[in-house]
Each structure stands twice: as structure tokens, then as C-alpha cells.
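Undergrad: all I have is the shape, not the residue letters:
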């Protein structure tokens with residue numbers, strides 16, 4: 001019997017008051033690399049009510065906004 005694979009993380013983000021997504025972790029990282037997601041945009045993992053600035057997610061941007069509130073690590 002095979003073990004069920006964990007579902008990939010899905011993310012929502014808010015930019016300019018509008019919610020977008022869901023996006024997979026790789027797409028979220030690509031958006032950050034392309035400048036389509038800024039460190040100040042809010043992100044939330046699908047299924048949670050917790051919104052945090054994208055810049056606090058470890059590994060999403062080349063540097064984090066403030067290392068103390070790092071919340072999640074983006075798994076690509």
C-alpha cells in the first residue's frame with residue numbers, strides 16, 4: 001500500500017486590496033522573483049486565517065524584512 005502524499009502548500013496573497021490565488025509555493029516564489037509579489041503584500045496559506053507580510057516568509061525573498069517574525073519556510 002502506498003502512503004498518501006502530502007498535498008502541496010497553496011497560498012493566497014493580497015495586493016492593492018484584492019485577493020489572488022491560490023498559488024503553489026513555486027509559483028509564489030516565482031512571483032516574488034519577478035516583482036509581482038512584494039515583501040509588504042499579505043500572504044496566507046490556504047485553509048488558515050493567518051495573514052502575514054510576504055517578506056517574513058523565510059526563503060521567499062533573497063532577504064527577509066525582519067528575521068524575528070519568520071513564520072513559515074516556503075517549500076519549493
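TA: Here it is on my side, so go on. Just so it is clear, the structure is predicted and the values come from calculations on it, not from any experiment.
Undergrad: please enumerate the strands of this protein.
TA: 10-15, 18-24, 42-45, 52-53 (DSSP state E).
Undergrad: rebuild those strands as TSV, extending it with distance to residue 62 and mean neighbour count.
TA: Just so you know, the C-beta spots here come from the backbone N, C-alpha and C atoms, and that holds for glycine as well. Below are those laid out as TSV (distance: least, CB to CB, whole Å; neighbours: other CB atoms under 10 Å):
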stretch	distance to residue 62	mean neighbour count
strand 10-15	18	18
strand 18-24	19	14
strand 42-45	17	20
strand 52-53	15	16
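Undergrad: out of the ones you listed, which gets nearest to residue 31?
TA: Closest to residue 31 of these is strand 18-24 (CB to CB; 6.9 Å).
Undergrad: and the closest one, what does it pack against?
TA: strand 10-15 (3 or more CB pairs under 8 Å, 6 or more residues apart in numbering; DSSP states H and E).
Undergrad: and the strand it packs on, how far from the chain's centre?
TA: 7 Å (CA atoms, centre = their mean, to the nearest Å).
Undergrad: can you check stretch 51-62 too?
TA: 7 Å.
Undergrad: mind checking how far the residue nearest to residue 8 when sequence neighbours are not counted is from residue 9?
TA: Among residues not flanking residue 8 along the chain, residue 24 sits closest, at 5.4 Å (CB to CB, 6 or more residues apart in numbering). Remark: distance between residue 24 and residue 9 (CB to CB, to the nearest Å) = 7 Å.
Undergrad: residue 43 too?
TA: Taking CB to CB, one finds residue 43 at 11 Å from residue 9.
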